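# Provided below are the primary sequence and the corresponding predicted coordinates.
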Amino acid sequence: MIGRRTYDVGIGHWGDVPFAGPAFVVTHRPGPPVEMASGVFHFVDAGVAAAIAQAEAAAVRGW
């Protein structure tokens with residue numbers, strides 16, 4: 001899980017998700033998922049708790 005500012009600053013440097021698997025971006029400016037080579041950025045505008053719940057659900061599914 002990362003914040004929108006980290007995403008905005010980091011995406012140009014990373015060129016991919018910062019770790020293999022889905023990445024959940026907490027933001028007030030949601031957008032469609034961004035697919036990368038190693039995973040997908042998902043934008044969550046429902047707060048940190050919702051992003052944590054989505055990340056936990058992804059982990060239970062095996063990624």
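Received it, and whenever you're ready, just let me know what you need. Residues are numbered from 1 along each chain as shown.
# now the strands: where do they sit in this structure?
2-3, 23-26, 34-35, 40-44 (DSSP state E).
# show me the contacts for the residue nearest to Ala58 when sequence neighbours are not counted.
Nearest non-adjacent residue to Ala58, counting by Cβ to Cβ, 6 or more residues apart in numbering: Pro22, 5.0 Å away. C-betas here are computed from N, CA, C, even on glycine. Pro22 makes contacts with Gly39, Val40, Phe41, His42, Ala55, Ala58, Trp63, as judged by Cβ atoms under 8 Å, 6 or more residues apart in numbering.
# would you check which pair of those lies furthest apart?
Phe41 and Trp63 (14.1 Å; Cβ to Cβ).
# between these two, which has more neighbouring residues?
Neighbours were counted for Phe41 and for Trp63 using other Cβ atoms under 10 Å; Phe41 has more, 20 against 10.
# from the contacts of Pro22, which is closest to Val48?
In terms of Cβ to Cβ, no member of these lies closer to Val48 than Ala55, at 10.4 Å.
# what does the pLDDT read for the nearest residue to that closest one once chain neighbours are set aside?
Nearest non-adjacent residue to Ala55, counting by Cβ to Cβ, 6+ apart: Phe24, 5.1 Å away. Listed pLDDT for Phe24 reads 96.
# pLDDT weak spots in the chain?
63 (pLDDT under 70).
# for it, just list every one of the helices.
4-14, 48-60 (DSSP state H).
# quick revisit: which of the strands of the chain is buried the deepest?
Among the strands of the chain, strand 23-26 has the highest mean neighbour count (mean count of other Cβ atoms under 10 Å), at a mean of 23.
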